[in-house]
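Participant: Just to be clear, the model below is a prediction. Sequence and coordinates:
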Amino acid sequence: MTPRKPILAQPDQRYWRARANRRVRKARLTRSLLRWSVILIINAAFLTALGYMGLRGARQLARSGEFALERVELAGINRASEETIRAGLRSLTGANLIELDLAGVERTVRRDPWVLGASVRRVLPRTLRVTVTERTPAALAVIRGRAHMVDATGHVIGPAGTELSDNLPVLTGLE
């Protein structure tokens, strides 16, 4: 028998060997991770700069006088006192419309006993629109000898005036 010659790998086949193959994979993985890290860092820097510029722009708008409240439009008022509502909102004149607390404005308007609800909207650049929903009197209630108007939920609206022309039922025996 003749001895067999060992099979030698060609130089271009060395990457098929297990140890050399691990080094190649590790180098590729390192390059790939480095590439993705650079992309993530660039994107994070871009988003940070964009957010910073957005905040600066919002602050600039909030501090400028371009959106100072000059006019309050009231709608839906029949029985409520428009003067009382305007007096409550007078302190807001000159305030920045963008930073204005609309829920706080709604609470101020709802202090009037005739107001059931209010819808407040900004109308840029300088107007605040308030739409009022009023209570509807459902009865007259005699409380401690005085006639008061009461809505359907039992909320006492206020003392009944002489101008009341509604034909309402009268509730007595209430304290």
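Facilitator: Perfect, I can see it now.

Participant: just the helices in this protein please.
Facilitator: Taking DSSP state H, the helices of the chain run over residues 18-63, 82-89, 102-109.

Participant: export these to JSON lines and tack on distance to residue 135?
Facilitator: For glycine as for every other residue, the C-beta is placed from the backbone atoms N, C-alpha and C. Converted to JSON lines, the helices of the chain look like this (distance: least, C-beta to C-beta, whole Å):
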{"stretch": "helix 18-63", "distance to residue 135": "36"}
{"stretch": "helix 82-89", "distance to residue 135": "14"}
{"stretch": "helix 102-109", "distance to residue 135": "13"}
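
Participant: Report the mean confidence score over stretch 60-75.
Facilitator: Taken as a whole, stretch 60-75 has a mean pLDDT of 86.

Participant: looking at the helices of the chain, which is closest to residue 5?
Facilitator: helix 18-63 (23.1 Å; C-beta to C-beta).

Participant: Run the chain-centre distance for that closest one.
Facilitator: 31 Å (C-alpha atoms, centre = their mean, to the nearest Å).

Participant: on that earlier part again, distance to residue 76 and mean neighbour count added to the helices of the chain, as CSV?
Facilitator: Compiled in CSV, the helices of the chain are given as follows (distance: least, C-beta to C-beta, whole Å; neighbours: other C-beta atoms under 10 Å):
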stretch, distance to residue 76, mean neighbour count
helix 18-63, 30, 10
helix 82-89, 11, 14
helix 102-109, 11, 16
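
Participant: Tell me which of those lies nearest to residue 120.
Facilitator: helix 102-109 (4.6 Å).
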